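In: just the structure for this:
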Amino acid sequence: MSTVAPLASDRAAATPTVGGGHRSPGRMALRRFLRHRAAVVSLVVLALIILAVLFADVIAQHQPNATDLSAIRAKPSGEHWLGTDATGRDVFARVLHAGRVSLGVGLASAALAVVLGVVLGSLAGMFGGWVDGLIMRLADIFLSFPSLVVMIVLAGILGPSVVTMIIAIGVFQWPICGRLVRGSALSVRENEYILASRATGAHPWWVITRHILPAVLPPVVVAGTLSVAGSIGLEATLSFLGLGIQPPTASWGNMLNEAQSLTVIRNQPWLWLPPGLAVAVTVLGVNFIGDGLRDALDPKQGGR
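Out: Residues are numbered from 1 along each chain as shown. Predicted coordinates:
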């Protein structure tokens, strides 16, 4: 009797409790993410950037489009923390308000790309056959064209606008997410519980929403995060070329338009350096967060 009790207690202590949840997949994923130092630091920095652009009216001393003709291209000072531009507008205020536009375009474009990729990728992986072939050939067509050149042509035909930019960026980024979802769906659809659901007459959309989508969620989250970074970079590129957000509305891309002058690059770095750093830090931070999410959501990392 004396040997049985310790063995039972040892087994009870070694077995994780359901209520505690300390061995749940969510907690293990969070622990792996927190071990990714670059991702954690990037998350904090990105959160500070988002808070700054959301409360730009409170933080900035000036309005983004207010001109001060007595301080044109003035150097940074106590009155204008990051100096002023060619029309006397406060650069610090414009950088903060421009973040709303650039981040908004990036998030909206990435959301459109993820929705298109999830829907089309799920259909391709679930049904296979000619549906899979048609969708994948469509993805190949989009991937075969240089996306930046096509976006420039579309902006020239339809006119530069926020809506045009969001649609153009989102449409040309969906194949990346679509291929990931298709690959995951092809492997998941052969599982026994999905075969049983289909055998009992479950509707394909029910199978996709209840079984396929939860299974492909980890790669979709990572792909969506990386799409945000790519969308922000594309917005900055198009606006820099004058085919994106149009003045006087500020975006990080059209603020970088000042850097086209060699004189400005050499002698007035406050005009282009703040928006350039904002784009670089944001894109780099989002990429690090994507790396952290990839490591955290990968089941193979569970033993580390």
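
In: looking at this protein, which helix or strand does the model trust least?
Out: helix 4-14 (a mean of 46; mean pLDDT, DSSP states H and E).

In: can you name the next helix or strand after it?
Out: Downstream of helix 4-14, the next assigned helix or strand under DSSP states H and E is helix 25-35.

In: make sure Q63 is actually in contact with F92.
Out: No: using Cβ atoms under 8 Å, Q63 makes no contact with F92, being 11.5 Å away. All C-beta spots, glycine's among them, are computed from the backbone N, C-alpha and C.

In: in terms of neighbours, single out the busier of these two.
Out: Each of Q63 and F92 has its neighbours counted (other Cβ atoms under 10 Å); F92 has more, 21 against 14.

In: quick check, that one in contact with T84.
Out: No: between F92 and T84 there is no contact under Cβ under 8 Å: 9.4 Å.

In: ok, A111 to S147 distance?
Out: Distance of A111 to S147, computed by Cβ to Cβ, to the nearest Å: 18 Å.

In: for L46, that is, sorry about that
Out: On the measure of Cβ to Cβ, L46 and S147 end up 25 Å apart.

In: between those two, which is the more surrounded one?
Out: Neighbours were counted for L46 and for S147 using other Cβ under 10 Å; L46 has more, 19 against 16.

In: quick check: closest non-adjacent residue to that one.
Out: Nearest residue to L46, sequence neighbours excluded (Cβ to Cβ, 6 or more residues apart in numbering): G285, at 4.6 Å.

In: and the host helix or strand of the one you found, which residues are buried?
Out: Here G285 sits within helix 273-297, counting by DSSP H and E. Within helix 273-297, the residues that qualify as buried are 273-276, 278-279, 282-283, 285-297, counting by 16 or more other Cβ atoms under 10 Å.

In: cool, and stretch 135-152?
Out: Buried, per 16+ other Cβ under 10 Å, within stretch 135-152: I135, M136, A139, F142, S147, M151, I152.

In: how about stretch 28-43?
Out: M28, A29, R32, F33, H36, A39, S42, L43.

In: next: stretch 154-164.
Out: Within stretch 154-164, the residues scored as buried using 16+ other Cβ under 10 Å are L154, A155, P160, V162, T164.

In: go on, stretch 243-257?
Out: Of the residues in stretch 243-257, L243, G244, I245, T249, A250, S251, W252, G253, N254, M255, L256, N257 count as buried by neighbour count, 16+ other Cβ under 10 Å.
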